[in-house]
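K.L.:
Fold the following for me, if possible:
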Amino acid sequence: MKALIIDDERIARQELRRLLAAHPEIEIVGEARTGVEALEQIGRLAPEVLFLDVRMPGMSGFDLLEHLDDVPQVIFTTAYDQYALKAFEVSALDYLVKPVAPARLAAAVAKLRPPAAQLRMEQVFVRDGERCWLVRVADIFLLESEGNYTRLHFANERPLIPRSLAALHERLDPAIFFRAGRRHIINLKWVERVEPGVGDNLQVILRGGTTVEMSRRQSVRFREALSL
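P.N.:
Numbers count the residues shown, from 1 in each chain. Sure thing, here's the model as predicted:
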């Protein structure tokens, strides 16, 4: 599994590299001192896991995640344990306080998921005011266009992200996500039932009761896709 170490302290990077030598399943493909360096390396090296410091000059670890369209798995490493709660609010795999203990690192590495078989967006970082989430795309049951923004529906949350529905649609797995119309994309795995709507349109009812009215054209495509 390809890993990128992101930390502004050289000694901290060296120590983490030394500790990770005990885990041959982790291939360290690069190191970055700043968020700007990390962005360039993430785009070039496509790491599957980030060992990410929280406090760095210029761009924090949370700021970095907000710049990524597709967020790899994340293990935070920092000397400031007061950030732990915020890190877990964004669903990081783990949170390691420096100096990192070998046993804690081993426990964090054990939580890593195998790399995905296909290049699709797997999780997205979402910030809404002071709240942050690292959301698995499979947990999003509805995406709703609001101008140049998209509202994500997952669990009981409805945050807006500064990306258009069209841009997100290009990155989603078409076997799972269906464009229901100009304003909505639905997660097919969350569909509870389908009912007739106005004219030849269909209404899709998602688990939890959310109802989405499909356009006529997409209703035809939906019937063809699901052999209705």
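K.L.:
C-alpha from now on. contacts and neighbour counts both.
P.N.:
Will do.
K.L.:
List phi and psi for the residue located most distally from the centre of the chain.
P.N.:
Taking C-alpha atoms, centre = their mean, the residue of the chain most remote from its mean C-alpha position is Gly199, at 37.7 Å. Dihedral pair for Gly199: phi 60, psi -130, per degrees, to the nearest 10.
K.L.:
go on, Lys189?
P.N.:
phi -70, psi -10.
K.L.:
sorry, back to before: mind listing what the residue farthest from the centre of the chain touches?
P.N.:
If you count contacts by C-alpha atoms under 8 Å, 6 or more residues apart in numbering, Gly199 has none.
K.L.:
Please tell me how far it sits from Ser215.
P.N.:
Distance from Gly199 to Ser215, counting by C-alpha to C-alpha, to the nearest Å: 10 Å.
K.L.:
Just say helix, strand or coil for Pro57.
P.N.:
At Pro57 the chain is in coil, as set by DSSP: H, G, I helix; E, B strand; the rest coil.
K.L.:
That one contacts Thr34, doesn't it?
P.N.:
Yes. Contact criterion C-alpha atoms under 8 Å: Pro57 and Thr34 qualify, at 7.0 Å.
K.L.:
between those two, what contacts are shared?
P.N.:
The contact lists of Pro57 and Thr34 share Asp8, where a contact means C-alpha under 8 Å, 6+ apart.
K.L.:
who has more neighbours, those two?
P.N.:
Neighbours per residue, other C-alpha atoms under 10 Å: of Pro57 and Thr34, the larger number sits with Thr34, 21 against 12.
K.L.:
what ranges do the helices span in the protein?
P.N.:
10-20, 35-45, 61-66, 84-89, 102-110, 165-171, 216-226 (DSSP state H).
K.L.:
okay, the angle between the fifth one and helix 10-20?
P.N.:
Relative orientation of helix 102-110 versus helix 10-20 (axes from the mean of the first three to the mean of the last three C-alpha atoms, to 10 degrees): 70 degrees.
K.L.:
For helix 102-110, enumerate the helices and strands it packs against.
P.N.:
strand 94-97 (3 or more C-alpha pairs under 8 Å, 6 or more residues apart in numbering; DSSP states H and E).
K.L.:
Restrict the strand it packs on to CA atoms and write it as CSV.
P.N.:
Written as CSV, here are the backbone C-alpha positions of strand 94-97 (Å, rounded to 0.1, in the frame of the first residue of the first chain):
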residue,chain,number,x,y,z
ASP,A,94,-6.6,6.7,13.6
TYR,A,95,-4.8,9.5,15.5
LEU,A,96,-1.2,9.1,16.6
VAL,A,97,0.3,11.4,19.1
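K.L.:
Direction included, what does it pair against?
P.N.:
Strand 94-97 has the following strand partners under DSSP bridges: strand 73-78 (parallel).
K.L.:
Residues contacting the strand it pairs with, please?
P.N.:
By C-alpha under 8 Å, 6+ apart, the list of residues contacting strand 73-78 reads 48-55, 87, 92-98, 100, 108, 112.
K.L.:
what's the neighbour count on Leu19?
P.N.:
16.
K.L.:
What spatial separation is found between the residue nearest to it when sequence neighbours are not counted and Leu50?
P.N.:
The shortest distance from Leu19 to any non-neighbouring residue, by C-alpha to C-alpha, 6 or more residues apart in numbering, is to Pro102 (6.6 Å). Applying C-alpha to C-alpha, the value for Pro102 to Leu50 is 17 Å.
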